[in-house]
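# A predicted structure for the sequence below; I have some questions about it.
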Amino acid sequence: QVNPFDFESEYASTMERGGFNAVIGNPPYIRIQKMREYTPDSEVEYYSEVYQYETAQKNNYDKYCLFIERALDLVCEGGEVGYIVSQKFLTIEVGRQVRHLISDREALRKIVHFGVDQVFENHSTYTCLLFLSPNRAGEYTAETDFDYNAWKKGDHNPSVSTGKSDSLSDDPWSFVGGAVDDLFTQIRDECEYNLDDVSDVFVGLQTSQNSAYFLKDYQYENGYYQFTDYRGNSQKVEEELVRDHLHTYNKWKPSIRFLDKVVSNHKLIYPYENGELIPPAELQNRFPEAWKYFTTDEVKDDLKDRDLYNTDIDGAFYRYGRKQGFGKIEEDKIVVQVLTLGPRYGLDRDGITNTAGGNGPFYNIKSADSLPRDPGHIVDLDLRYLMAVLSHPVIEAMVRARSTFFRDGYYSHGGQYIEHVPIKVINEADDGEK
């Protein structure tokens, strides 16, 4: 049973005077997916349907966003809200609702960004101090790039930037200072398109059980790969179903060299052709050794036990866990290492497959054939040109300013952080532009 606290009745006199002078705290950081696991569905529905929180109207949010919204409703005119919250809402898509809430009310007064410093011991939580006002603040200040230990002692010299509260929107926020922000704006004004206009930014493959598809201790002989499966049994599979693959067991370790060719480090069983799953009868007929391996009792049971994407093909238990990347991953592309200390973009012209994105290890970029708003405009930008643009220090600074940070200074180059990079479409017939 949901029994929400009623401030209006419990603090009637305070609320009649307009609310509290201050609301401070450290609200819980819980994604809605976790909330559904540990709380009744009625609680989640209460936020979106009964109280109708603005920040709960999309089916993907964090509980601290609700606390931010509630605090702004509880403070009086001239009051203050002061929270320590996860800094991720500043840039990720999930934070769009709360960014809209704060920017629409022009409520941001000050933010203290702790970067990769850990405020809470024994917890990898990246936080910031957020100060809000229910009145339209007019201007805000942002403190970044300082010594956290010195800050705790009151002896610090942060980088301080200021801005107009009405300049913020629900787009990702970055606090880089006036001169840098002006440079970023100039570049964006000179470039008509973003990366996602001229290319397809997509995640790699997700098998949902890599060990069943990776070849271990393999040897090639007469059209077959002999290998040891993940249960220690000797197996073989037809070479037509095996692809060169890039994978890393440590997403923090560089797997792609700067502006270099992608090199595979695994062999992968890939039961797909032209982006489509090979049906069971065809797989059994054309690739009997692969079918024999997949239908081994223990392997079959393990593969059936995964969470799989829906398909109309009966008996396709050997399909990958997620339907993503098929038909694109085999083509020429740029491979992006997600968690890095700088740009790591590699060129693949050999159809090397790779493992899915998110916060690692890889994303992919394939040049688009035409512009979405102008199908008659053929793009076909050279991948080497896109790599050069993405690797430029200023463009990397733009990615870094919008990104989410992790331990030891690593930051994300996931799709949502790179797809908005400005791209100038060049005319290769024009020597001046080339």
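Received, thanks.
# ranking helices and strands of the protein by mean pLDDT, which lands last?
Across the helices and strands of the chain, the lowest-confidence element by mean pLDDT, DSSP states H and E is strand 374-378, at a mean of 58.
# show me the shaky parts of the chain.
Within the chain, the ranges that satisfy pLDDT under 70 run 1-2, 40-41, 145-146, 176-179, 252, 254, 357-360, 370-380, 427-434.
# of all the strand elements in it, which one is longest?
For the chain, the longest strand by residue count, based on DSSP state E, is strand 75-86.
# what's that one packed up against?
Under the contact criterion of 3 or more C-beta pairs under 8 Å, 6 or more residues apart in numbering; DSSP states H and E, strand 75-86 touches strand 20-25, helix 63-74, strand 127-132. Glycine gets a C-beta too; all of them are placed from N, C-alpha and C.
# which neighbouring elements make contact with the second one?
When you say that, I think you mean helix 63-74. Using 3+ C-beta pairs under 8 Å, 6+ apart, helix 63-74 sits against strand 20-25, strand 75-86, helix 96-104, strand 127-132.
# again, only using 7 Å
Packing partners of helix 63-74 (3 or more C-beta pairs under 7 Å, 6 or more residues apart in numbering; DSSP states H and E): strand 20-25, strand 75-86, helix 96-104.
# same thing with the last one?
Using 3+ C-beta pairs under 7 Å, 6+ apart as the contact criterion, the neighbours of strand 127-132 among helices and strands are strand 75-86, strand 108-113.
# list the buried ones in the first one?
Using 16 or more other C-beta atoms under 10 Å as the burial criterion, the residues of strand 75-86 that qualify are 75-76, 79-81, 83-86.
# re the thing from before, TSV for the helices and strands packed on strand 75-86, including distance to Gly163?
As requested, these are arranged in TSV below (distance: least, C-beta to C-beta, whole Å):
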stretch	distance to Gly163
strand 20-25	24
helix 63-74	19
strand 127-132	14
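# quick one, which of the ones you listed is nearest to Arg31?
Among the helices and strands packed on strand 75-86, the nearest to Arg31 by C-beta to C-beta is helix 63-74 (7.8 Å).
# give the buried residues for that closest one.
Those would be 63-72, 74, for helix 63-74 by 16+ other C-beta under 10 Å.
# surely Val112 meets Cys128?
Yes. The pair Val112 / Cys128 is scored as a contact, 6.1 Å apart, by C-beta atoms under 7 Å.
# comparing those two, which residue is more hemmed in?
Cys128 (22 against 18; other C-beta atoms under 10 Å).
# OK, contacts around Tyr218?
Contact partners of Tyr218, counting by C-beta atoms under 7 Å, 6 or more residues apart in numbering, are 225-227, 267.
# please, where are all the strands along the stretch 301-434 of the chain?
333-337, 339-340, 345-348, 353-354, 362-367, 370-371, 374-378, 411-412, 422-423 (DSSP state E, counting those that start in this stretch).
# now the stretch 151-300 of the chain
Going by DSSP E, counting those that start in this stretch, the stretch 151-300 of the chain shows strands at 159-164, 193-194, 199-203, 216-221, 224-228, 234-238, 242-246, 260-261, 266-269, 272-273, 276-277.
# now the ones you listed as CSV including distance to Glu419?
Formatted as CSV, the strands of the stretch 151-300 of the chain follow (distance: least, C-beta to C-beta, whole Å):
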stretch, distance to Glu419
strand 159-164, 24
strand 193-194, 7
strand 199-203, 5
strand 216-221, 36
strand 224-228, 37
strand 234-238, 36
strand 242-246, 21
strand 260-261, 23
strand 266-269, 26
strand 272-273, 25
strand 276-277, 26
